[in-house]
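Undergrad: Need coordinates for the following:
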Amino acid sequence: MVTVAFVTVGCRSTGPDVGSRPAACDAGAVDSADTLAAGRVLPSLTFTALDGAGTPGPLSLGSLRAPCDGEPRLVVLRIGASFCGPCQWWRDHQAHLVAGLPVPGAQVAFVDALVADEDNDAPSVAAGQRWLAHGGQAPLLLDEDHRLLALAGGRSVLPLFAVVDARTLRVARVLADPQLEELQAAIAAVYGAPSLSPPPAPLFDGLFSPKELDQLRAMALPMAAPADPTNALGDVPAAAALGERLFHDASLSPTGRFSCATCHDPARDFQDGLPVSVAAGRGQRNTPSILAAAHARWQLWDGRADSLWMQALGPLEDPAEMASSRLFVAHRLYASYGRELAALGVTLPPLGDGARFPPAGKPGDDAWAAMAPADRAAVDALFATAGKAVAAFERTLRVGPGPLDAYVAGARDALTAAQKHGLHAFFSAGCIQCHHGPRLTDDAFHNVRFPGAGGAPDEGRAAGVPRLLASEFRGDGPHSDDPVAGAARLAGLLAAGRTLPGRFRTPSLRGAARTGPYGHGGGLATLEDVMKVYARAGLPRDDPRALGDAEPWVVELDTGAEADLVELLRALTETRAP
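TA: Residues are numbered from 1 along each chain as shown. As a prediction, the model looks like this:
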């Protein structure tokens, strides 16, 4: 069984408002409640929880009750998710919270509860251990079924705090992502010390608290992409040069008409400006820009690729994209790129032997099945090398700075008044939960009930995960240059188990004004259309164009916030010379 420990904050001081006892115990205080709200008793629920060593065991909220005759104590229950930007901020600034408590000698227990992991899957024990390793509080409750959020009722941004008098388990305050001083004041009020509440901190540009300014600074423009150990060619200049040629080479498609650049046009921020991709056939999803895609944890809307090089291989064999095959591509590499591949240390199989290597074929084709296993493996390896070279080129693609970057750097006139109000709404409406960091994305998978292509519902990641796990090109597979690193990348996904339908990867907001149409189905033509749907927490539950429920932390917006947020999105576009 996991237990909770109360810690003493600072040293006990004296004075009429310091160390005074909370309300006296009442006999009914330990009864469970059906809601998490001020004035109600903390529900008697039991969770799997992790102790400070990451060891799981049961923990009942009822066990947080402190003896009535002991020192005044209180519990701060913090409900959050690993993907959530503000949740990460509170985790990383726990020391600031404790140091700023205005009640020296207070006996406080901080208890975290995770409702989702980094990918927005149910929190596993492994996800909880990662949270603790980054500074999270123990005990850590794993709320796989969102029971605490359901008790809180309605929609609320994360993290959600409940300040609880441990003597009675009565909830004193519930706050959604408060300012640091607001939470400290709520804690002080439980101790009867409101006069000691800290004054509000100065606001940056009259709008943004120190907490928000921290998160703004974390949006600094991304530079070099993180290393990919599964691709030994990823940062080799010669491989990038080869990859750029392959990226534009339409001869890799049997008709000679389509290349990677067909849908990822450099003149259009490396997307195509269409609702869904159109090449050898008509695709089922909108083409995302690949600028800074090398920073992403997963690739594609449904996450069916765990690396940039794996992603580059899919369109080659997709009937709606290049409609090619790995054998066809291998012959093209053999005929046109032998010297470049040899310079990279690649040994080509004897593709000139037509009896062993048919001109075209892939898994599922008779020609492929008739080949010797060793020859199929050699073609797969060469095919993977092509993907790694294309990925090396794509790793060089950067996004440039825009007005928001200038503003974060201190140029207060870089944003218009409407854009500043939009940025303020970005925090207050909870956009920062999923759109944070340099690319303004958590790279997790969410259901915001946007319409599928052509009005058809789309399972999203629920269908993408099986495709990823079935691929021989995944990061822990035979063509990875570091299967151990690839296995570590996939460990969280494998631990999470089943994912719910209707979830799609959070897109980066960098360059949003130039990369419409929007949504995984491309059915939202303008930024205004995006905000109209998002502001209502997605399409109505009975609208057949989307699957599943919009997540409880997607809050509804007023029309003024909608307009200002659209203006903010325009400030996330690279500044270019006229």
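Undergrad: how much space between residue 510 and residue 404?
TA: Distance of residue 510 to residue 404, given as C-beta to C-beta, to the nearest Å: 9 Å. Quick note: C-beta positions are derived from backbone N, CA and C, even for glycine.
Undergrad: can you check residue 356 too?
TA: Taken as C-beta to C-beta, the span from residue 356 to residue 404 is 56 Å.
Undergrad: hmm, back to that, what residues do residue 510 and residue 404 have in common as contacts?
TA: residue 572 (C-beta atoms under 8 Å, 6 or more residues apart in numbering).
Undergrad: Tell me which residue of this structure is furthest from the middle?
TA: Largest separation from the mean C-alpha position in the chain: residue 355, at 48.1 Å (C-alpha atoms, centre = their mean).
Undergrad: That one: which element?
TA: For residue 355, there is no host helix or strand (DSSP states H and E).
Undergrad: Remind me which helix or strand the nearest residue in space to residue 568 that is not next to it in sequence belongs to.
TA: Using C-beta to C-beta, 6 or more residues apart in numbering and skipping residues adjacent in sequence, the residue nearest residue 568 is residue 422, 3.1 Å away. Using DSSP H and E, residue 422 sits in helix 417-428.
Undergrad: and the longest helix seen in the chain, which residues are buried?
TA: Using DSSP state H, we find that the single longest helix of the chain is helix 373-394. Within helix 373-394, the residues scored as buried using 16 or more other C-beta atoms under 10 Å are 375-376, 378-380, 382-394.
Undergrad: go on, stretch 99-114?
TA: Going by neighbour count (16+ other C-beta under 10 Å), the buried part of stretch 99-114 is 101-114.
Undergrad: For residue 448, grab the count of nearby residues.
TA: Applying other C-beta atoms under 10 Å, we find 20 other residues in the vicinity of residue 448.
Undergrad: how about the closest residue to it other than its chain neighbours, phi and psi?
TA: Leaving aside its chain neighbours, residue 448 sits nearest to residue 538 (4.9 Å; criterion: C-beta to C-beta, 6+ apart). Dihedral pair for residue 538: phi 90, psi -180, per degrees, to the nearest 10.
Undergrad: what's the pLDDT at residue 538?
TA: Listed pLDDT for residue 538 reads 94.
Undergrad: Contacts only, for the residue nearest to residue 568.
TA: Each residue near residue 422 by C-beta under 8 Å, 6+ apart is listed here: 561, 564, 565, 566, 567, 568, 569, 571.
Undergrad: Report pLDDT for it.
TA: 95.
Undergrad: Distance check, it against residue 575.
TA: Remark: distance between residue 422 and residue 575 (C-beta to C-beta) = 17 Å.
Undergrad: Compute the first-to-last residue distance for stretch 502-511.
TA: The first and last residues of stretch 502-511 sit 25 Å apart, counting by C-alpha to C-alpha, to the nearest Å.
Undergrad: got it, and stretch 545-557?
TA: OK, stretch 545-557 end separation, C-alpha to C-alpha: 22 Å.
Undergrad: what's the answer for stretch 249-263, then?
TA: End-to-end distance for stretch 249-263: 13 Å, by C-alpha to C-alpha.
Undergrad: and it, which residues are buried?
TA: 249, 251, 252, 253, 254, 258, 259, 260, 261, 262, 263.
Undergrad: And for stretch 272-279?
TA: 272, 274, 275, 276, 277, 278, 279.
Undergrad: now stretch 139-146
TA: 139, 140, 141, 142, 143, 144, 146.
Undergrad: For that stretch, give the mean pLDDT please.
TA: For stretch 139-146, the per-residue pLDDT averages 94.
Undergrad: Contacts for that stretch next, please.
TA: 2-4, 47-51, 56, 59, 79, 111-115, 122-125, 127-128, 131-132, 148-149, 552.
Undergrad: For it, list the C-alpha coordinates in CSV.
TA: Extracted in CSV, the C-alpha atoms of stretch 139-146 (Å, rounded to 0.1, in the frame of the first residue of the first chain):
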residue,chain,number,x,y,z
PRO,A,139,2.5,9.6,-4.2
LEU,A,140,1.3,9.7,-7.8
LEU,A,141,-2.2,8.5,-8.5
LEU,A,142,-2.9,6.9,-11.9
ASP,A,143,-6.5,8.0,-12.9
GLU,A,144,-6.9,5.9,-16.0
ASP,A,145,-10.6,6.4,-16.2
HIS,A,146,-10.7,10.1,-15.5
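Undergrad: all strands in the stretch 51-200 of the chain, in order from the N-terminus.
TA: Here the stretch 51-200 of the chain has its strands, by DSSP state E, counting those that start in this stretch, at 56-60, 73-80, 106-114, 140-142, 160-165, 170-176.
Undergrad: Which among these is found nearest to residue 317?
TA: Among these, strand 106-114 comes nearest to residue 317, with 38.4 Å by C-beta to C-beta.
Undergrad: tell me what the closest one is packed against?
TA: With contacts taken as 3 or more C-beta pairs under 8 Å, 6 or more residues apart in numbering; DSSP states H and E, strand 106-114 sits against strand 7-9, strand 73-80, helix 94-99, helix 125-133, strand 140-142.
Undergrad: Next, format the ones you listed as JSON lines and append distance to residue 199.
TA: Converted to JSON lines, the helices and strands packed on strand 106-114 look like this (distance: least, C-beta to C-beta, whole Å):
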{"stretch": "strand 7-9", "distance to residue 199": "19"}
{"stretch": "strand 73-80", "distance to residue 199": "21"}
{"stretch": "helix 94-99", "distance to residue 199": "16"}
{"stretch": "helix 125-133", "distance to residue 199": "32"}
{"stretch": "strand 140-142", "distance to residue 199": "32"}
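Undergrad: And the residue nearest the centre of this protein?
TA: Most central in the chain (C-alpha atoms, centre = their mean) works out to residue 442, at 2.4 Å.
Undergrad: Next up, the contacts around that residue.
TA: 83, 84, 85, 118, 120, 433, 434, 435, 436, 506.
Undergrad: Also residue 306?
TA: By C-beta under 8 Å, 6+ apart, the neighbours of residue 306 are 298, 299, 468, 474, 475, 486, 489, 490, 493.
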